[in-house]
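Student: Quick one, what's the 3D model for this:
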Amino acid sequence: MNALTFIDTNILVYSHDTHDEVKHQVAQDLLAQLWTSGPGTLSSQVLQEFYNVATRKLQPPMPPPQARQVVHDYSDWCVVDTDPVLIISASRLSEQHSINFWDALIVEAAARAGATELVTEDLQHGRRFGELQIRNPFLP
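Tutor: Okay, the predicted model is just below:
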């Protein structure tokens with residue numbers, strides 16, 4: 001069985017945002033590789049955040065039908081929904097490790113999904129949370 005890679009929102013956003021060509025290309029290549037090999041996963045939080053950022057913060061904003069299509073395209077990767085148990089465990093992780101609650105929610109979702117790698121630029125590269133390791137794909 002392939003090790004699962006959990007994708008954070010910023011990776012999905014960069015794959016559609018061409019303002020930073022390097023990050024755009026890295027994100028596109030990473031997602032294409034995961035799409036082909038099959039070990040990509042994410043949570044409902046990632047899809048919600050993506051839709052919000054894509055339709056409100058990208059310049060120019062992505063049209064809602066296009067953003068909905070991206071959400072639909074990645075829906076098979078969505079194996080974790082945000083529920084009260086996840087919120088409580090993330091709040092504990094946030095306190096124990098002094099990280100932002102929203103980042104803790106992503107870490108907990110990745111762990112619940114069974115991922116061994118969380119790809120993000122929002123947490124320290126190489127940091128571990130149990131079996132989960134953080135990887136920033138934009139580092140040299």
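Student: What count of nearby residues applies to residue 85?
Tutor: Per other Cβ atoms under 10 Å, the neighbour tally for residue 85 reads 10. For every residue, glycine as well, the C-beta is placed using N, CA and C.
Student: got the buried residues for the helix or strand hosting it?
Tutor: Assigned by DSSP states H and E, residue 85 belongs to helix 84-97. Neighbour counts over helix 84-97 (16 or more other Cβ atoms under 10 Å) mark 86, 89, 90, 93, 94 as buried.
Student: CA atoms only: put it into CSV for me.
Tutor: The C-alpha coordinates for helix 84-97 follow below in CSV (Å, rounded to 0.1, in the frame of the first residue of the first chain):
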residue,chain,number,x,y,z
PRO,A,84,-16.8,17.8,16.9
VAL,A,85,-14.3,15.1,17.8
LEU,A,86,-11.8,16.5,15.2
ILE,A,87,-12.3,20.0,16.6
ILE,A,88,-11.7,18.9,20.1
SER,A,89,-8.5,16.9,19.2
ALA,A,90,-7.3,19.8,17.1
SER,A,91,-7.8,22.2,20.0
ARG,A,92,-5.7,19.9,22.3
LEU,A,93,-3.0,19.6,19.6
SER,A,94,-3.0,23.4,19.2
GLU,A,95,-2.4,23.9,23.0
GLN,A,96,0.2,21.1,23.3
HIS,A,97,2.3,22.2,20.3
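Student: Please consider this matter closed, and thank you.
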